[in-house]
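Undergrad: coordinates only, sequence not included:
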């Protein structure tokens, strides 16, 4: 999916949390995506003091604050480099097309994973007659030795599930408590969709070498002693081999992300993830110059039907730093 901000700003993230278990709430920020419908999303990641969680570097919760009838009906072709996009809908149906020739529909319970590598273009349209969309769009930063790989696309219609008393965890990517997703990951990480039964008290095994964070989608969930409702991201830190969960009277729906702390500094701007300003500038020029050797056309769209890249700011983009403190 896309970052549709019309004027994406540089965000230099210098600090990172101290190692060890934590339970820190990071408020989402409302990001207006513009357009005649006045669409906004809740952007949960990156945060100024939490640029990444493992290799997860971007998380938007769409359909959470904008009325369903005002959601954008389609996203025209646009480019990506240096990342994997994860599309996880809670309702609605989305048609994905890309410059590799992929043309698929996705619905709740299914995962779209697009690896951009050196460059890809894609579009996403809602399916006529389907409910308006609600879900998450996430990005995973590719490690530096994988940013130049060939782009590829996967759709997974069946995903493995971890069942525990009062808890059902669908593993989207990576591994959780010995349950491993078939989706291809390039760094050690996990993404899982959690459903906790009404008034249930349970625990969730974790990898102590990972840092983790949790976003409540609906209901109320007490996690590691912190009561969380939809909106903020709960950062759980590192060093946990499990976390206690207790749902409210109506149960809870949440998403867990985590991974080995990502040691590389990232430059993120618009739909690009790179290591330097020059890489971002070269990708922008290739897109604006319609360089089909890097960003091919998306079948089904005329070549001129493309989202233009915003102008770069009048300064050199700087990395989002990961500095372990404490």
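TA: Structure received. All values reported here derive from a predicted model rather than from experimental measurement.
Undergrad: backbone phi and psi for residue 145, please?
TA: When quoted as degrees, to the nearest 10, the phi and psi of residue 145 stand at phi -80, psi 0.
Undergrad: Need the per-residue pLDDT for it.
TA: With respect to pLDDT, residue 145 scores 97.
Undergrad: State the distance from it to residue 264.
TA: 10 Å (C-beta to C-beta, to the nearest Å). In this view, the C-beta of every residue, glycine as well, is placed from N, C-alpha and C.
Undergrad: between these two, who's got more neighbours?
TA: With neighbours defined as other C-beta atoms under 10 Å, residue 145 and residue 264 compare such that residue 264 has more, 17 against 9.
Undergrad: Can you give me the neighbour number for the residue nearest to the more buried one when sequence neighbours are not counted?
TA: Leaving aside its chain neighbours, residue 264 sits nearest to residue 144 (5.7 Å; criterion: C-beta to C-beta, 6 or more residues apart in numbering). By other C-beta under 10 Å, 14 other residues sit near residue 144.
Undergrad: Surely residue 144 and residue 263 touch.
TA: No - using C-beta atoms under 8 Å, residue 144 makes no contact with residue 263, being 9.9 Å away.
Undergrad: and the residue positioned nearest the centre of the chain, what are its bridge partners?
TA: For the chain, the residue sitting closest to the mean C-alpha position, by C-alpha atoms, centre = their mean, is residue 138 at 0.9 Å. Taking DSSP bridges as the rule, residue 138 bridges to residue 59, residue 86.
Undergrad: Check whether it really touches residue 83, as I assumed.
TA: No - in this structure, residue 138 is not within contact of residue 83 by C-beta under 8 Å, at 9.7 Å.
Undergrad: Which residues are in contact with each of the two?
TA: Shared contacts of residue 138 and residue 83 (C-beta atoms under 8 Å, 6 or more residues apart in numbering): residue 58.
Undergrad: now the helices for the chain?
TA: Counting by DSSP state H, one finds helices in the chain at the ranges 277-288.
Undergrad: Can you pull out the low-pLDDT segments for it?
TA: The chain contains residues with pLDDT under 70 at 1-18, 33-39, 65-73, 132, 322-326.
Undergrad: Residue 244 - nearest residue in space that isn't next to it in sequence?
TA: residue 203 (5.1 Å).
Undergrad: wait, isn't that neighbour in contact with residue 243?
TA: Yes - the criterion here is C-beta under 8 Å, and residue 203 meets it with residue 243 at 6.6 Å.
Undergrad: Those two: who's more crowded?
TA: residue 243 (20 against 15).
Undergrad: if I pick the residue nearest to residue 258 when sequence neighbours are not counted, what's in contact with it?
TA: Leaving aside its chain neighbours, residue 258 sits nearest to residue 212 (3.6 Å; criterion: C-beta to C-beta, 6+ apart). Residue 212 is in contact with 53, 190, 206, 235-237, 240, 243, 256-258, counting by C-beta under 8 Å, 6+ apart.
Undergrad: one more time with 10 Å
TA: 21-22, 53-54, 190, 204, 206, 223-224, 234-238, 240, 243, 256-259 (C-beta atoms under 10 Å, 6 or more residues apart in numbering).
Undergrad: do the same with residue 139
TA: Counting by C-beta under 10 Å, 6+ apart, residue 139 makes contact with 1, 3, 45-46, 52, 55-60, 80, 82-86, 116, 268, 271, 273.
Undergrad: these two touch, right, residue 97 and residue 305?
TA: No - the criterion here is C-beta atoms under 10 Å, and residue 97 misses it with residue 305 at 11.3 Å.
Undergrad: what about these two, which has more around it?
TA: Legend: neighbour count by other C-beta under 10 Å for residue 97 and residue 305, higher for residue 97 (20 against 12).
Undergrad: what about the more buried one, distance to residue 271?
TA: 16 Å.
Undergrad: neighbours of residue 85, just the number please.
TA: So residue 85, with other C-beta under 10 Å, has 23 neighbours.
Undergrad: Show me what the closest residue to it other than its chain neighbours is bridged to.
TA: Counting by C-beta to C-beta, 6+ apart, residue 85 lies nearest to residue 114, which is 4.6 Å off, once chain neighbours are set aside. On the basis of DSSP bridges, residue 114 is bridged to residue 85, residue 153.
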